[in-house]
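> Please work out how this folds:
(2 chains)
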Amino acid sequence: NAGVMQNPRHLVRRRGQEARLRCSPVKGHSHVYWYRQLPEEGLKFMVYLQKENIIDESGMPKERFSAEFPKEGPSILRIQQVVRGDSAAYFCASSRQGAYEQYFGPGTRLTVT
Amino acid sequence: GENVGLHLPTLSVQEGDNSIINCAYSNSASDYFIWYKQESGKGPQFIIDIRSNMDKRQGQRVTVLLNKTVKHLSLQIAATQPGDSAVYFCAEKQNAGNMLTFGGGTRLMVKP
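Reported below is the predicted structural model:
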């Protein structure tokens, strides 16, 4: 069984460009979470989505960041007009309906130059 | 609490010894806790979980202890092996919502 898949694994963007990060959850999982991790720190929650719905976006910056989980296809985390402070590892996790345990993907390492 | 911008605390143990990694959580409303292992360049890997109505849970070579009175969580690894070297994070879930709040992490180094 494939776990959570994320791509790209590494992404380099210049300041002002857009970054699109993709996440395919574990087959059968309907809940997706995005987290951000800075070096030597724990993961910080950003957003929680179910199919076609944003359930909790309390950790998402108000500007430039958006997320979606369409009926078909992967979840997308979109960062517009990236700045150097956006450089981090972005992890996606998924869980089954009614389950608490979240399984993480390998992450996308975003570098803004 | 959160360790922002601080170096990770490190636990160094000899191969074959037992390891104990500790975590203090802040929210008495948390009802579910998980330990994750993260190797360099990889995503967090689920190790073991425990619900707040329990105080101990055992897995293969790992045991999690929960002390709700002092809001303390620990992970015990028996007969630590070089492959156990990684950063270990505890995470808590509040009883309202599904998001996980992660602790700052502990780096475990196993000496052969």
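
> Three-state assignment for residue B:91, please.
strand (DSSP: H, G, I helix; E, B strand; the rest coil).

> so residue B:56 makes contact with residue B:64?
Yes - between residue B:56 and residue B:64 there is a contact under C-beta atoms under 8 Å: 7.2 Å. C-betas here are computed from N, CA, C, even on glycine.

> Which residues are in contact with each of those two?
When contacts are counted by C-beta atoms under 8 Å, 6 or more residues apart in numbering or on different chains, residue B:56 and residue B:64 have residue B:50 as shared neighbours.

> Show me which of those two is the more surrounded one.
Comparing residue B:56 with residue B:64 by neighbour count (other C-beta atoms under 10 Å in any protein chain shown), the higher total belongs to residue B:64, at 23 against 11.

> Report the separation between the more buried one and chain A.
13 Å (C-beta to the nearest C-beta, to the nearest Å).

> what are the ranges of the strands in chain B?
B:10-14, B:19-24, B:30-38, B:45-51, B:56-58, B:62-67, B:72-77, B:86-94, B:100-102, B:106-111 (DSSP state E).

> Name the surrounding residues that touch stretch A:79-88.
A:13-21, A:36-38, A:64-66, A:109-113.

> Give the buried residues for that stretch.
Across stretch A:79-88, burial judged by 16 or more other C-beta atoms under 10 Å in any protein chain shown covers A:79, A:82, A:86-88.

> Can you list the low-confidence ranges for chain A?
Residues of chain A that meet the criterion pLDDT under 70 lie in A:1.

> Okay, helices next: where are they in it?
In chain A, no segments count as helices under DSSP state H.

> List the residues that contact the residue nearest to the spatial centre of it.
Geometric centre of chain A, nearest residue: residue A:34, 3.7 Å, by C-alpha atoms, centre = their mean. By C-beta under 8 Å, 6+ apart, the residues touching residue A:34 are A:23, A:46-47, A:67, A:75, A:77, A:90-93.

> The same query, at a cut-off of 10 Å, please.
Residue A:34 makes contact with A:21, A:23, A:43-49, A:57, A:59-60, A:65, A:67, A:69, A:75-77, A:90-93 under the criterion C-beta atoms under 10 Å, 6 or more residues apart in numbering or on different chains.

> Looking at the buried residues of stretch A:79-88, which one is closest to residue B:79?
When the buried residues of stretch A:79-88 are ranked by distance to residue B:79 (C-beta to C-beta), residue A:88 comes first, at 35.2 Å.

> ok, now how distant is that closest one from residue A:56?
20 Å (C-beta to C-beta, to the nearest Å).

> Residue A:80 now?
From residue A:80 to residue A:56 the distance is 21 Å (C-beta to C-beta).

> Does residue A:55 touch residue B:98 like I think?
Yes - under the criterion of C-beta atoms under 10 Å, residue A:55 makes contact with residue B:98 at 7.4 Å.

> For those two, list the residues in contact with both.
A:31, A:33, A:48.

> Around chain B, which positions in chain A sit nearby?
Contacts of chain A with chain B, taken as C-beta under 10 Å from any C-beta of the partner chain, map to A:3-4, A:6, A:9, A:31, A:33, A:35, A:37-48, A:50, A:55-56, A:58-59, A:89, A:91-93, A:95, A:99-107, A:109.
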